[in-house]
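1. I'll drop the sequence and a predicted model, then ask my questions.
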Amino acid sequence: MTGPHSNIVHVIGAGLAGSEAAWQLAKSGVPVVLHEMRPDRMTEAHRTDGLAELVCSNSFRSDDAANNAVGLLHAEMRRLGSLIMRAADANQVPAGGALAVDRDGFSAAVTKALNEHPLIEIARGEIAGLPPADWSNVIVATGPLTSAPLADAIRELTDENALAFFDAIAPIVHRESIDMSVAWFQSRYDKVGPGGNGADYINCPMTKEQYDGFVAALIAGEKTEFKEWETNTPYFDGCLPIEVMAERGPETLRHGPMKPVGLTNPHDPTTKAYAIVQLRQDNKLGTLYNIVGFQTKLKYGEQQRIFRTIPGLEKAEFARLGGLHRNTFLNSPKLLDGQLRLRAQPRLRFAGQMTGCEGYVESASVGLIAGLYAAADARGETLASPPATTALGSLLGHITGGHIETIEPGTRSFQPMNINFGLFPPLASAPTKKPDGTRLRGNEKTVAKKQAMSALALADLDRWIADHLRIAAAA
């Protein structure tokens, strides 16, 4: 991946995404200036001036590439020569099947590698506003705590107000885990909205007893407290956690997101449900559905326990649990092109959590592909996107176009997402038999399907590397 370069690439932000982007650029033979405002200006969460500082957990989650989507993303990044994965592997601490790291050793390893690379210059100081106009190739990777001047400049440039707010996230469920012998497809009053067909929601009915118990559980459930520095940030668009709505009165939810009007249960058409929970398709593949209006501050364990009391969701598998926290991210499907460039100003490319991904590894992986795209631009080339069958490609697809807008008019509905198999295109043919020829049963089918998707992802990634990056894939 060496070759002539036409200009320097500026990377703003030296968190996981920016550090990885700078490494990929330099590894490609392209000179980089990596801008980091710390220690000149600290954030509310950071404590050091180290690059790629981990401000929350020290876990990179599962390292099981065969059975877990984030483990698969680990494997793909290793194949692509990721600095973040190299530093994580070198500073691993015991964590069972997860990859957890010594956070100080990890940051020190990343900082040392970037400091010592001859094509990387680290510039300390804040970029207060849009980068200078003569910076023709820029990656913005400033994360969820983007400084106010830069966030304001981006907001003005994009005419978007989706920056720096309390991000209300509703849980997302894998479609195949919903019990459709209880639930059914129908839009309220069979209304056909933009892109809809009149049966666009999955509906889960509740009796009065079930509803009353559900409301009581919401109110009693253990909640996550805001951090001190988050408490003055307003809710986005006035979104309220579902448990706050429940506290306003026992009938509030039944006249809000759980209203039962305009719906008839085909499994029991003569019985009127007392309340109904609706789920809306969340990706174009139709593999993921979000629970409408269920943004929440409930702790994760409480969410799973309480939401699985909803009829039809007793065995729900969650691709993402709900939350409410300060976040800074773009409405990426609208604002960014397929190579993460800002449509309004293509010299600016975005990476990391700003683009709508959640998690350390996801953030770093988007930095990785942004670095490869920027390197190709610097050489006057065009890099084909990674296959949609890969973890990297499926995450990129979610960010730049895999999301669907709401069926009904309303606020922007794109939300950050962790990597999960629900973002992958379905297999052309799911495995049905074991190697010995006996039929797969129950959970064996799910395990076999994930393993088949992982194997396909790595094979397709190796072909993409060989065809487009001119480097040898490493096992």
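-> Cool, the structure landed.
2. name the element residue 444 belongs to?
-> Residue 444 belongs to helix 443-464 when assigned by DSSP states H and E.
3. What's the mean pLDDT across that helix?
-> Average pLDDT, helix 443-464: 95.
4. before we move on, what about stretch 132-152?
-> 86.
5. who does the helix holding residue 444 touch, helix- and strand-wise?
-> The contact analysis (3 or more C-beta pairs under 8 Å, 6 or more residues apart in numbering; DSSP states H and E) places helix 443-464 against helix 69-79. From N, CA and C alone the C-beta is placed, and that goes for glycine too.
6. Following the helix it packs on in sequence, what is the next regular element?
-> helix 83-90.
7. how near is residue 307 to residue 446?
-> Residue 307 sits at a distance of 20 Å from residue 446 (criterion: C-beta to C-beta, to the nearest Å).
8. So which of those two has more stuff around it?
-> A direct count of neighbours by other C-beta atoms under 10 Å for residue 307 and residue 446 places residue 307 higher, at 25 against 17.
9. what bits of the stretch 201-350 of the chain have low per-residue confidence?
-> Counting by pLDDT under 70, the stretch 201-350 of the chain shows low-confidence ranges at 226-239, 324-327.
10. how about the helices of it, start to end?
-> For the stretch 201-350 of the chain, applying DSSP state H, counting those that start in this stretch gives helices covering 208-220, 242-247, 300-307, 332-335.
11. Nearest to residue 12, out of those helices?
-> Of all the helices of the stretch 201-350 of the chain, it is helix 332-335 that lies closest to residue 12, at 16.8 Å by C-beta to C-beta.
12. which parts of the closest one are buried?
-> 332-333, 335 (16 or more other C-beta atoms under 10 Å).
13. wait, which of those residues is closest to residue 373?
-> residue 332 (14.4 Å).
14. Quick check: the gap between that closest one and residue 415.
-> 11 Å.
15. now residue 282
-> From residue 282 to residue 415 the distance is 8 Å (C-beta to C-beta).
16. the more surrounded of these two?
-> More crowded of residue 282 and residue 415, by other C-beta under 10 Å: residue 282, with 29 against 22.
17. Ramachandran angles for that one?
-> Residue 282 adopts backbone torsions of phi -110, psi -20, taken as degrees, to the nearest 10.
18. Surely it touches residue 172?
-> Yes - with contact defined as C-beta atoms under 8 Å, residue 282 counts as touching residue 172 (5.5 Å).
19. hey, what's in contact with both of those two?
-> Shared contacts of residue 282 and residue 172, defined by C-beta atoms under 8 Å, 6 or more residues apart in numbering, comprise 288-290.
20. residue contacts, the residue nearest the centre of the chain?
-> With distances taken as C-alpha atoms, centre = their mean, residue 417 lies nearest the centre of the chain, 2.1 Å away. Counting by C-beta under 8 Å, 6+ apart, residue 417 touches 172, 319-320, 356-358, 362, 395, 398, 423.
21. tell me the pLDDT at it?
-> 81.
22. try the one 4 residues further on
-> Looking at residue 421, its pLDDT reads 94.
23. Tell me the bridge partners for residue 35.
-> Applying DSSP bridges to residue 35 yields these beta-bridge partners: residue 12, residue 123.
24. burial count for it?
-> Residues lying near residue 35 (other C-beta under 10 Å) number 24.
25. Let me know whether it touches residue 127 as I believe.
-> Yes - Residue 35 is within contact range of residue 127, at 5.6 Å (criterion: C-beta under 8 Å).
26. which residues do those two both contact?
-> Counting by C-beta under 8 Å, 6+ apart, the shared contacts of residue 35 and residue 127 are residue 12.
27. can you give me the strands in the stretch 151-300 of the chain?
-> Using DSSP state E, counting those that start in this stretch, the strands of the stretch 151-300 of the chain run over residues 165-169, 172-174, 184-185, 201-206, 275-281, 288-291.
28. Report the residue ranges of every domain in this protein.
-> 9-163+329-419+459-468, 168-325 (the TED database).
29. Including distance to residue 439, could these go into TSV?
-> Output for these, formatted as TSV (distance: least, C-beta to C-beta, whole Å):
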stretch	distance to residue 439
domain 9-163+329-419+459-468	20
domain 168-325	18
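30. winner for burial among these?
-> domain 9-163+329-419+459-468 (a mean of 21; mean count of other C-beta atoms under 10 Å).
31. Could you name the residue of the chain that is farthest from its center?
-> Per C-alpha atoms, centre = their mean, the most distant residue from the centre of the chain is residue 270 (41.5 Å).
32. Is it possible to get JSON lines of the strands of the stretch 151-300 of the chain that adds distance to residue 64?
-> Shown next, in JSON lines, are the strands of the stretch 151-300 of the chain (distance: least, C-beta to C-beta, whole Å):
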{"stretch": "strand 165-169", "distance to residue 64": "25"}
{"stretch": "strand 172-174", "distance to residue 64": "18"}
{"stretch": "strand 184-185", "distance to residue 64": "34"}
{"stretch": "strand 201-206", "distance to residue 64": "30"}
{"stretch": "strand 275-281", "distance to residue 64": "28"}
{"stretch": "strand 288-291", "distance to residue 64": "21"}
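33. dump the residue contacts of residue 457.
-> Applying C-beta under 8 Å, 6+ apart to residue 457 gives the contacts 72, 76, 387, 389-391, 424.
34. Same check on residue 34?
-> 11, 14, 18-19, 22, 51, 114, 120-123.
35. Reformat those into CSV and put secondary structure and distance to residue 251 next to each item.
-> Shown next, in CSV, are the contacts of residue 34 (DSSP: H, G, I helix; E, B strand; the rest coil; distance: C-beta to C-beta, whole Å):
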residue, secondary structure, distance to residue 251
11, strand, 52
14, coil, 51
18, helix, 49
19, helix, 51
22, helix, 55
51, coil, 53
114, helix, 57
120, strand, 60
121, strand, 62
122, strand, 58
123, strand, 58
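36. wait, which of these is closest to residue 276?
-> Nearest to residue 276 among these: residue 18, at 44.9 Å, using C-beta to C-beta.
37. Who are the contact partners of the closest one?
-> By C-beta under 8 Å, 6+ apart, the contact set of residue 18 is 11-12, 34, 36, 139, 141-142, 351-352, 367.
38. Against residue 86, how distant is the closest residue to residue 420 other than its chain neighbours?
-> Nearest in space to residue 420, with sequence neighbours left out and distances taken as C-beta to C-beta, 6 or more residues apart in numbering, is residue 319 at 4.4 Å. Distance from residue 319 to residue 86, counting by C-beta to C-beta: 29 Å.
39. Nearest to residue 247 among the contacts of residue 34?
-> Nearest member of those to residue 247, counting by C-beta to C-beta, is residue 18, at 41.0 Å.
40. how close does the closest one get to residue 260?
-> 48 Å.
41. what's the spacing between stretch 55-75 and its chain's center?
-> Stretch 55-75 sits 14 Å away from the centroid of its parent chain (C-alpha atoms, centre = their mean, to the nearest Å).
42. do stretch 73-88 as well
-> Centroid separation between stretch 73-88 and its chain, computed with C-alpha atoms, centre = their mean, is 18 Å.
43. low-scoring stretches of the stretch 1-150 of the chain, by residue?
-> Using pLDDT under 70, the stretch 1-150 of the chain drops low at 1-6, 39, 41-47, 56-57, 94-96, 145.
44. For it, just list every one of the strands.
-> Shown for the stretch 1-150 of the chain, the strands assigned by DSSP E, counting those that start in this stretch span residues 9-12, 32-36, 59-62, 92-93, 98-101, 120-124, 138-140.
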